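Enquirer: Here is the input, now give the coordinates:
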Amino acid sequence: MKNILLIGLGKFGKYTVKKLNELGHDVMAIDKNEERGREFVDTAASVVIGDATRKEFLNTLGITNFDLCIVGVGDAFLEALEITSLLKELGARKVISRATSGTMEKFLLRNGADAVVFPERQLAWWMAIRYSSDNIVNYFDVTDGYAIYEVNIPRQWDRKKISEIDVRKRYGINILGIRNSTMNMNPPHDSVLYKEDTMLVLGRYEDIHRIFHL
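Expert: Numbering: from 1, shown residues only. Now for the predicted structure:
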C-alpha cells in the first residue's frame, strides 16, 4: 500500500482515484473546487480543498511523506508546470504529471516530472493497434519495442503442442498464457493449442505482427 497525493479531480483524476482506492492505496485528493471535492469523500482517504500552485499550501501537506504525487491538471498548461516544479522543489519522491500535448510533455519533464502520461495519445495508440486486426483481442505496451498481445491461435497451430511449434526458438516470442474458459498462465510445453482459444504472447512488435498477420 502506498500513500499517494493526487492533484486535480477532473475526469482523469476521478478515474485515477477510484482505481487507486480499489487497489488499496491511501489517496489524498486535492482540488480548488469544493463542490467537486465533495464527490470523493467516500473514495479518497482524505480530500483537501486548496490551490496547489501556492507553495505555502503544498507545504502544509507534508509532500515528503507521499510515495507518489500525481498531477492531473493537464488541461491547464501553466498550472501543471508550476505544480510539478513546486512538488520537486519541496522534496517529492516521485512526480507523475498528465500532459495533453507533446509540447507540454517536454516541458513537464524539464520541470521536474519523473514521468508523464498522455492519456489521449496512449488510448489512441492502443485503439489503433487493438482494432486494426480481427486477430487481436487485447494489447499491452511493454517497453523498447516489446509488447504483450492477446491473439487468436492460428489455424496452422490447431491441436499442436507448444513444444512442437517451438515458438521461442523459431519465432522469438514467448507464450505467457492460454485462454479458453479462463486464462491459464505459464502453460507447460506439452499444452495443446486449439484455434478456438486465444493466447498471450510477448515479443517484438514486428515479430508478432509478422507471425500472426496482424
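
Enquirer: Ser133 versus the nearest residue to Phe140 once chain neighbours are set aside, what's the distance?
Expert: Spatial nearest neighbour of Phe140, excluding adjacent residues (C-beta to C-beta, 6 or more residues apart in numbering): Ile148 at 4.3 Å. For every residue, glycine as well, the C-beta is placed using N, CA and C. As defined by C-beta to C-beta, to the nearest Å, Ile148 lies at a distance of 15 Å from Ser133.

Enquirer: His189 too?
Expert: His189 is 27 Å from Ser133, by C-beta to C-beta.

Enquirer: neighbour-wise, which of the two wins?
Expert: Ser133 (16 against 12; other C-beta atoms under 10 Å).

Enquirer: which stretches of this structure form strands?
Expert: For the chain, the strands defined by DSSP state E occupy 3-7, 26-31, 46-49, 68-71, 95-98, 115-117, 136-141, 146-152, 174-179, 183-185, 198-204.

Enquirer: want to try CSV for those strands, with mean neighbour count and distance to Arg159 as columns?
Expert: Converted to CSV, the strands of the chain look like this (neighbours: other C-beta atoms under 10 Å; distance: least, C-beta to C-beta, whole Å):
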stretch, mean neighbour count, distance to Arg159
strand 3-7, 24, 48
strand 26-31, 24, 49
strand 46-49, 16, 56
strand 68-71, 26, 47
strand 95-98, 26, 46
strand 115-117, 17, 43
strand 136-141, 16, 20
strand 146-152, 19, 15
strand 174-179, 17, 13
strand 183-185, 13, 17
strand 198-204, 21, 14
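
Enquirer: what about Lys18, neighbour count?
Expert: Neighbourhood size, Lys18 [other C-beta under 10 Å]: 14.

Enquirer: Now it: closest residue in space, sequence neighbours ignored.
Expert: Excluding the flanking residues, the one nearest Lys18 by C-beta to C-beta, 6+ apart is Thr43, at 5.9 Å.
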